[in-house]
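K.L.:
Model the following, please.
(chains A, B and C)
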Amino acid sequence: MYNGRKLTFGLAAIAAMGMVASTAFADKMYGPGVTDDSIKLGNTMPYSGPAAAYGQIGKSTAAYFDKINKENGGVNGRKIEFISLDDGYSPPKTKEQVRKLVEQDKVLLIFESLGTPTNSAIHNYMNQKKVPQLFVATGATKWGDPENFPWTMGWQPSYQTEGQLFGAYILENVKDPKVAILYQNDDYGKDYVHGLRGVLGDKADSIIVAEESYEVTDPTINSQMIKLKDSGANVFFNVSTPKFAAQAVKKFRELNWDAVFLNNSVSNSVGAVYKPAGLDNSKGIISLMYYMDITDPANFETEAYKKWSKFMDEYYPDGDKSSAFTAYGYLVGQTMEQVLKQAGDNLTRENIMKEAANLDLELDMMLPGIKIQTGPNDFFPIEAMMPVEFTGEKFAPLGKVVSVN
Amino acid sequence: MATDVETRVDSRLTVGAKIPFKWVTLFIIIGAVLPFFLEGYSTFQGTLIMIYAIAILGLNLLTGFNGQFSLGHSAFYAIGAYTAAILVYHLDWPVYVTIPFGGIVCFVAGFLFGLPALRLEGLYLALATFALGVSVPQILKSSHLEGLTGGVQGLDIFRPEVPAFLVENFGLTMDQWWYLIVFVIMLFMFWIAWNLINSRTGRAMMAIRDNPIAARSMGINASLYKSLTFGVSAFYTGIAGALAAIVIEFVAPDSFTFQLSILLFIGMVVGGTGSIWGAIFGGFFILTVPNFAEEISTGLSYAIFGVILILVIYVMPSGFAGLVNLLKMRVKKMF
Amino acid sequence: MDLFLQQMLTGIANGAIYACLALAVVMIYQAIDHFNFAQGEMAMFSTYICWAMIAGGLPYWVAFFATIIISFIGGLAIERIIFKPLHNAPVLSHIVVFIGLVAIFNSTAGAIWDHNIKTFPSPFPEGSFGGLIGLHEVGMFFVTLFLLLAIFCFFRFTRVGMAMQAAAANPASAGLVGIRVGWMLALGWGLAAAIGAVAGMMIAPIVFLEPNMMLGILLYGFAAAIVGGISSPGGAVAGGFLVGIIENLAGTYIPAIGSELKLTVALVLIVTVLLFKPNGLFGKTIVTRV
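P.N.:
Residues are numbered from 1 along each chain as shown, chains lettered A, B, ... in the order given. Sure, this is the predicted structure:
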């Protein structure tokens, strides 16, 4: 079937050459999971188990598709059928569920699947089967490798990129820096450290004076914090998830540690981290952002926030409006919508990848000056971020948008 | 006493019994033709069920037949999987050869772990093994071993193509080919287990389970048998782990969390502690029921799984095999 | 030296967390002669109940004691409703039911109260002793000691306490001398749930409240109970502090371990202790009769 379509595609293209070029692609071309009035998209998420908090991402994306199905009748007249399955953050389960989606449910593509180990488990499978694995919800660097894995693409700035940006920030703004790092002992934590080291180059070993890791099973990170402070560092770089970040902020103040506090974007949230840790304690924390913090009251009056808030009330009323994950899912949903719009009636897997690598998109919830841009050799949609300082109430921009390029 | 592992399966049904050839033949025929009627994905699931069944059987040999608890079999599963993955990835060994190696490495690991475990019984052993299950993923992630294990990113394994003559003559796909390999291995492993249980060794194992002191006084070298059983149990689980690594084509520390140990444990109890064939039902249960729970409610899938588990224990407190035995006896009484 | 002192005190603070939960573990063990793997999730759920009451406007102490009572009744109910019909089922089946309970509590808490972390108030004043140890940790230390004393007195000086031990140690004989074994079990469940609730409410201000907050802590709680001796409440508390301190000091001063293998250290500790003292450091030796 699939090959048949490819053949007709070829014939149509040849036939079209002789005619007027603009009508060449008027023919409808469909990959698996597409009909005249529907498109099937697949996804895996941890809806259960220790990583279940991330499940909100999938739920808000599903809600976003409900919205466009209801309000716009889908994309280009086709309703989106979003099939999101639970993998419990277990790689073997991801493989099982993705095979179900691709082989049994026959989805057009998989997108926004969450987690590095889980996406790694299907990385080769997707590329062998030539099924798009788009906008994976993880910040590992390996998702942007079009040469070897032309069917896989990330979305958010990679952890490594952010680490590099922080490194550049330190070199520029801190005199005689001595850095202490707290990181989660997995790919996410290590990618940040790796990025930071990359920018510091030869000086890395002299600048980074202490590195401590923690396990997600650790009850507290107090012991690590004490060791880090003891190193005499004047910059504290925190690479931890919200629960541990909140603990770190509290302990940082409790220890009266006089250092620049750099916080990774994973836990840069007023509602999920700074409020639980104490707004006063969180004053002066510096972080990098790329989309609006939805818990920041300063944003409540913006058009973008109001639109999002209305969407949440109508389509995802159980959703937590103070969780950054819900905004994340909303934004990725919009990115996917754009790809489908651009693809028009040519909904083959090849064309989806072509359009995914041809994005130049501004979304209203992104910070000004930050765009989603991709190209045939650029599979990193978001690469720029804005340094901000938390004032105890809101985020104040420090200078302008930075990027690695 | 808490240290006893009670098993309520009627021993007459497993010990000294003959293999019910009719049923086994039927099972083999159905099992062998099944992949030709299923789609790729279902065949893959069937393969996973059989892999779980092998691991559960391994756990059952230890707990059901020898009375030693383990909540840490994910550790052996992981060791088997990583042995296969490392041999393929770093040393380019042929995939097929790595399967027994996964088992052998685990046998040694299991035997060595079984030695200190000799001093522990019941609850304490459960905890010590649980500790093992929890630490193995951490150790796999550790920076000291990262070069070998690939750290959190894990390792990819590529399977060789299906032998050409099978593709030409039978149109065998990769999924079907590996289904059949796993099927044959599973039958072989079950056959060995059956013979083991019905041998002198098996009777010694069970004597230790039922009354360790009496067994010792009868001259059974309890320590040796217990450690050996640990080794054999780990061997089974290691084979399963190696197969899983190959079939899934990927290993990562997150694949082998203690949740896997708990799943295997559930599979054993639900299938029937002390029953060999119950392991197949156990494997079926732990693969399909979580999927089923998810279909009912995504957000509450764990809760539904929990409720199903409790209900299952109500209906069959001695597992599926226990229930079947009970029904068999009822039927016999009726006539 | 400063570092040493700080790590020592942090170890004690962590130890207080483990000890608190270990007490609940020992309590249930006294009653059912077994571990309850759902202990941590039950404590987490109780803490959420308290949080919901405080969020609803109740004063802290009212919510605190109401939670203890609700948890007690809840524990009682679990035994009566779920475990009573299974008295004759094999122990392994009981463990599967525990696992089922873990799944139910965890998933339900997530569904009702979502997965974001929540601040849980501390009954003790804020601040710390010279940045060395927080006042909450100090308060918690004394709560743990108070609980320990209460449990000790309960088992030593009350008829019910002794009857409960008898019912656990030898149900048949206990039944013969007129102890209502079934209700003793239920009582044990209730008390364990109540102690777990206190532990949860003490731990939550430190680690923040979320459905998985007990995941790691329960492991350490078991480790503490085992190291100290599962039959001895005092041993469990001592075990908790020991695990907390050793884990921190080993993580600080042994470079090969670092923070990466801290949990592994705790686990190696259990196995080592068990090898030399199979009944824990302070546990009674059990003699098996043929």
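K.L.:
Spit out the contact partners of the residue of the stretch 201-350 of chain A found nearest chain C.
P.N.:
In the stretch 201-350 of chain A, no residue comes nearer to chain C than A:Thr217, which is 3.4 Å away by Cβ to the nearest Cβ. Where you see a C-beta, it was placed from the backbone N, CA and C, and this is true even at glycine. Residues counted as contacts of A:Thr217 (Cβ atoms under 8 Å, 6 or more residues apart in numbering or on different chains) are B:Val134, C:Leu215, C:Gly216, C:Leu219, C:Leu263.
K.L.:
Looks like C:Val181 contacts C:Asn170 (just checking).
P.N.:
No: using Cβ atoms under 8 Å, C:Val181 makes no contact with C:Asn170, being 9.6 Å away.
K.L.:
So between the two, which is more surrounded?
P.N.:
C:Val181 (20 against 15; other Cβ atoms under 10 Å in any protein chain shown).
K.L.:
any idea how far C:His87 is from the more buried one?
P.N.:
9 Å (Cβ to Cβ, to the nearest Å).
K.L.:
B:Val152 now?
P.N.:
45 Å.
K.L.:
again with A:Tyr315
P.N.:
Taken as Cβ to Cβ, the span from A:Tyr315 to C:His87 is 49 Å.
K.L.:
Which residues of the stretch 101-250 of chain C lie near chain B?
P.N.:
With Cβ under 8 Å from any Cβ of the partner chain as the criterion, the stretch 101-250 of chain C comes near chain B at residues C:101-104, C:106-108, C:110-111, C:219, C:222-223, C:226, C:230.
K.L.:
hmm, try it at 6 Å
P.N.:
Contact residues, the stretch 101-250 of chain C versus chain B (Cβ under 6 Å from any Cβ of the partner chain): C:Ala103, C:Ile104, C:Ser107, C:Thr108, C:Ala111, C:Phe222, C:Ile226.
K.L.:
Please tell me which one of these counts the most neighbours.
P.N.:
C:Ile226 (31 neighbours).
K.L.:
Now for the spatially most central residue of chain B, which secondary structure element holds it?
P.N.:
Nearest residue to the geometric centre of chain B (Cα atoms, centre = their mean): B:Ala55, 1.2 Å. Using DSSP states H and E, B:Ala55 sits in helix B:40-63.
K.L.:
export that helix as CSV, just CAs?
P.N.:
Listed next in CSV are the C-alpha coordinates belonging to helix B:40-63 (Å, rounded to 0.1, in the frame of the first residue of the first chain):
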residue,chain,number,x,y,z
GLY,B,40,4.0,-8.5,14.4
TYR,B,41,3.1,-6.6,17.5
SER,B,42,1.1,-9.4,19.1
THR,B,43,3.9,-11.9,18.3
PHE,B,44,6.3,-9.6,20.0
GLN,B,45,4.0,-9.5,23.1
GLY,B,46,3.8,-13.3,23.0
THR,B,47,7.6,-13.4,23.0
LEU,B,48,7.7,-11.1,26.0
ILE,B,49,5.2,-13.3,27.8
MET,B,50,7.4,-16.3,27.3
ILE,B,51,10.5,-14.4,28.5
TYR,B,52,8.7,-13.4,31.6
ALA,B,53,7.5,-17.0,32.1
ILE,B,54,11.1,-18.2,32.1
ALA,B,55,12.1,-15.6,34.6
ILE,B,56,9.1,-16.4,36.8
LEU,B,57,9.9,-20.1,36.6
GLY,B,58,13.4,-19.3,37.9
LEU,B,59,12.0,-17.3,40.8
ASN,B,60,9.6,-20.1,41.5
LEU,B,61,12.3,-22.7,41.7
LEU,B,62,13.8,-20.6,44.4
THR,B,63,10.7,-19.6,46.3
